[in-house]
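J.: quick check, what structure comes out for this input:
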Amino acid sequence: MSLDAQILTLTAGELADAVRAGRIGAVEAARAYLAQIEATAPRLRAYLRVQPERALAEAAAVDAARARGEPLGPLAGVPYGLKDSFVTAGIETTAGSRILAGWVPPYDCAAARRLRAAGAVLLGKLALDEFGMGATGEHSPWPAPMNPWSSGHVPGGSSSGPAAAVAGRAAAFAIGSDTGGSIRVPAARCGLVGVRPTWGRVSRAGLVAFASSLDAVGPLARDVGDAARVLACLAGQDPEDSTSLADPVLDYPAIAADAAARGLAGVTVGVDRAGLDRAGLDPDVAAAFAAALGVLAAAGAAIVEVALPDAAELLAAYAALSSAEAASNLARYDGVRYGLHVPGDSYEASAAATRAAGFGPEVKRRLVLGALIQRDPALQAKARAARVRARTGHAAALARCDVLASPTTVEPGLPVAPGPGDSPEPTRGLGSDRLVVGASLAGLPALSLPAGFSPARDGQPALPIGLHLVGPPLGEARLLAVAAAYDARAPWRGRVAPGVFPGGAT
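T.: Okay, the predicted model is just below:
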């Protein structure tokens, strides 16, 4: 196996440890990942922009610091990708939209600053559904990313590029944003760990907003240990985000490692079986979830039944609230402050050009819905009441258990759209979020991790299935502990998407 292939098989934690010990150079790691990006680009289409010069310069700085004997951060020399909804100084940021084509921000988002301080190396900007609005990765003016496990299935959205890159070994980890499931659903579709932290646990400074009261920033990683390490670097109060929380950040990696070794004795896991029956799970997903509960029980956890608010009602409330907030947030793209402004044009001409050529069909649909919601006080009241029920219902359930468990999605995979561009079905992929929006509405921490695979049959490949865990407010440590104990005992741990190693490594 070549050195490049060896580097790609390491987890982020293993690679950082190797760089600190001098067994692998940060520049060597960056070159290995840049080569993998180039080799897989035609198939994955995960990156909108790759930054090889910047990546190699950042990696060289890590190697130089080590040579001087300076202490290195917990992600020293680890290459990663950043969803293109995060602003980056000197690098075009589009949020997956023509509206922002050519915009080069003058500053870095909080996530990029904190990861650079931890020693991570930015490879480039990753594809997404336009402004984060979509569950498939297909709602963008650029070619949609592909699922590394199956070219005939979507990688999930809106963090489609981050999921495709990590599963395709084109990034050691990636940073995404999650409004109603946009980290967790792609993680499930691509066999990864994806974490949505408590709202406010990670700074949103420099994230192009979709729905501000729902947006959260978190990692997509290959295993729980990597997710814990990255989250520990991201979390904490930020003076540039007034909604960020001041609560101390715990040692997530140590907590996860301890739980992986110790097991789950004394831990209770709540399951809303009646709600899952109403959701209409695919039989393969139901079987995988039952097997996952078996792994949790074998690790020492007790499974208890709980009741949660109706998922269909929460999905409708999420659609209303997120669209209304998006209509306000995206009103700034008027051709003057942002958008297709041409010096000398009138305000009206610039605004008309922005509306005509800027937003894609999915964004326009949500903006129209949001404008209607904003004009209907009765609908707003219903949506807000459902959000309160999400919070109180989850609090009541979590009073009876340590974490909640369900599948992440109701089906093991979603086929790509039959035609180019935007899907012919406006509601396509909307149901992907039905099991995960409750945590978003309640502002709770949640994660998805692999729960096995659907069987290969009828010419279809085996597809990843996700296990969804939800914890109490600021319960990231508890979530990661349960996930780590489960992950260490899961029989499907460590499987790699086919064809991502051109040199034949496994």
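J.: so which residues of the stretch 401-506 of the chain form helices?
T.: 437-442, 476-489 (DSSP state H, counting those that start in this stretch).
J.: how about the ones you listed in CSV, adding mean pLDDT, mean neighbour count and distance to residue 196?
T.: Backbone N, C-alpha and C define where each C-beta goes, glycine included. Below are those laid out as CSV (pLDDT from 0 to 100; neighbours: other Cβ atoms under 10 Å; distance: least, Cβ to Cβ, whole Å):
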stretch, mean pLDDT, mean neighbour count, distance to residue 196
helix 437-442, 98, 28, 7
helix 476-489, 97, 25, 10
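J.: and residue 156, which of these is closest to it?
T.: helix 437-442 (14.4 Å; Cβ to Cβ).
J.: point to the residue nearest the middle of this structure.
T.: In the chain, the residue lying closest to the centroid (Cα atoms, centre = their mean) is residue 183, at 2.2 Å.
J.: between the helices of the stretch 401-506 of the chain, which gets nearest to residue 58?
T.: Smallest distance to residue 58 across the helices of the stretch 401-506 of the chain (Cβ to Cβ): 27.3 Å, for helix 476-489.
J.: mind giving me the packing neighbours of the closest one?
T.: If you count contacts as 3 or more Cβ pairs under 8 Å, 6 or more residues apart in numbering; DSSP states H and E, helix 476-489 packs onto strand 193-196, helix 224-234, helix 252-262, helix 283-298, strand 403-407, strand 446-453, strand 464-470.
J.: phi, psi for the residue nearest to the centre of the chain please.
T.: Torsion angles at residue 183 (phi, psi; degrees, to the nearest 10) stand at phi -100, psi -50.
J.: report the contact partners of it.
T.: Each residue near residue 183 by Cβ atoms under 8 Å, 6 or more residues apart in numbering is listed here: 159, 162, 176-177, 194-196, 216, 218-220, 448.
J.: what is the subsequent helix or strand relative to the helix-or-strand element of the chain with minimal mean pLDDT?
T.: In the chain, the helix or strand scored least confidently by mean pLDDT, DSSP states H and E is helix 347-357, which has a mean of 60. Heading C-terminal from helix 347-357, the first helix or strand you meet, by DSSP states H and E, is helix 361-374.
J.: what mean pLDDT does that next one get?
T.: Regarding helix 361-374, the rounded mean pLDDT is 94.
J.: deepest in the core, which of the helices and strands packed on helix 476-489 is it.
T.: strand 193-196 (a mean of 33; mean count of other Cβ atoms under 10 Å).
J.: going along the chain, name the strands of the stretch 1-150 of the chain.
T.: Using DSSP state E, counting those that start in this stretch, the strands assigned to the stretch 1-150 of the chain run over residues 47-50, 79-83, 121-126.
J.: can I assume residue 170 is in contact with residue 45?
T.: No: at 10.4 Å, residue 170 and residue 45 do not qualify as touching, with contact defined as Cβ atoms under 8 Å.
J.: overlap in contacts of those two?
T.: Joint contacts of residue 170 and residue 45 (Cβ under 8 Å, 6+ apart) are residue 164.
J.: the more surrounded of these two?
T.: Neighbours per residue, other Cβ atoms under 10 Å: of residue 170 and residue 45, the larger number sits with residue 170, 31 against 20.
J.: help me confirm that that one is found in a helix?
T.: No: under DSSP: H, G, I helix; E, B strand; the rest coil, residue 170 sits outside any helix and is assigned coil.
J.: hang on, the earlier thing: for the helices of the stretch 401-506 of the chain, which one sits closest to residue 258?
T.: Comparing these against residue 258 with Cβ to Cβ, the closest turns out to be helix 476-489 (7.4 Å).
J.: quick one: closest of the helices of the stretch 401-506 of the chain to residue 204.
T.: Closest to residue 204 of those is helix 437-442 (Cβ to Cβ; 13.8 Å).
J.: and the longest helix seen in the chain, what does it pack onto?
T.: In the chain, assigned by DSSP state H, the helix with the most residues is helix 377-398. On a contact count with 3+ Cβ pairs under 8 Å, 6+ apart, helix 377-398 meets helix 311-329, helix 361-374, strand 403-407, helix 437-442.
J.: and those, which is most packed in?
T.: Across those, averaging neighbours per residue (mean count of other Cβ under 10 Å) puts helix 437-442 on top, at a mean of 28.
J.: let me have the helices and strands packed on helix 476-489 in CSV, adding mean pLDDT as columns.
T.: Converted to CSV, these look like this (pLDDT from 0 to 100):
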stretch, mean pLDDT
strand 193-196, 98
helix 224-234, 98
helix 252-262, 98
helix 283-298, 97
strand 403-407, 98
strand 446-453, 97
strand 464-470, 98
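J.: in CSV: those, plus distance to residue 495.
T.: Listed next are the helices and strands packed on helix 476-489 as CSV, based on distance: least, Cβ to Cβ, whole Å:
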stretch, distance to residue 495
strand 193-196, 13
helix 224-234, 15
helix 252-262, 18
helix 283-298, 13
strand 403-407, 18
strand 446-453, 8
strand 464-470, 8
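J.: so which of these is nearest residue 312?
T.: Proximity to residue 312, assessed across the helices and strands packed on helix 476-489 by Cβ to Cβ, is greatest for strand 403-407 (14.4 Å).
J.: what does that closest one rub up against?
T.: With Cβ under 8 Å, 6+ apart as the test, strand 403-407 has contacts from 188, 267, 269-272, 275-276, 281, 285-286, 288-289, 292-293, 296, 306, 308, 394, 397-398, 435, 451, 465-471, 475, 478-479, 482.
J.: with stretch 71-80 instead?
T.: 12, 15-16, 19-20, 24-26, 29-30, 33-34, 55, 59, 62-63, 65-66, 115, 117-123, 171-175, 229-230, 232-233, 253.
J.: just name the most buried of the strands of the stretch 1-150 of the chain.
T.: Using mean count of other Cβ under 10 Å, strand 79-83 ranks as the most buried of the strands of the stretch 1-150 of the chain, with a mean of 29.
J.: report the angle between it and strand 121-126.
T.: Counting by axes from the mean of the first three to the mean of the last three Cα atoms, to 10 degrees, strand 79-83 lies at 30 degrees to strand 121-126.
J.: neighbouring strands of strand 79-83 in the sheet, and parallel or not?
T.: strand 121-126 (parallel), strand 173-178 (parallel) (DSSP bridges).
J.: just put those strands in TSV and tack on mean pLDDT.
T.: Below are these laid out as TSV (pLDDT from 0 to 100):
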stretch	mean pLDDT
strand 121-126	98
strand 173-178	98
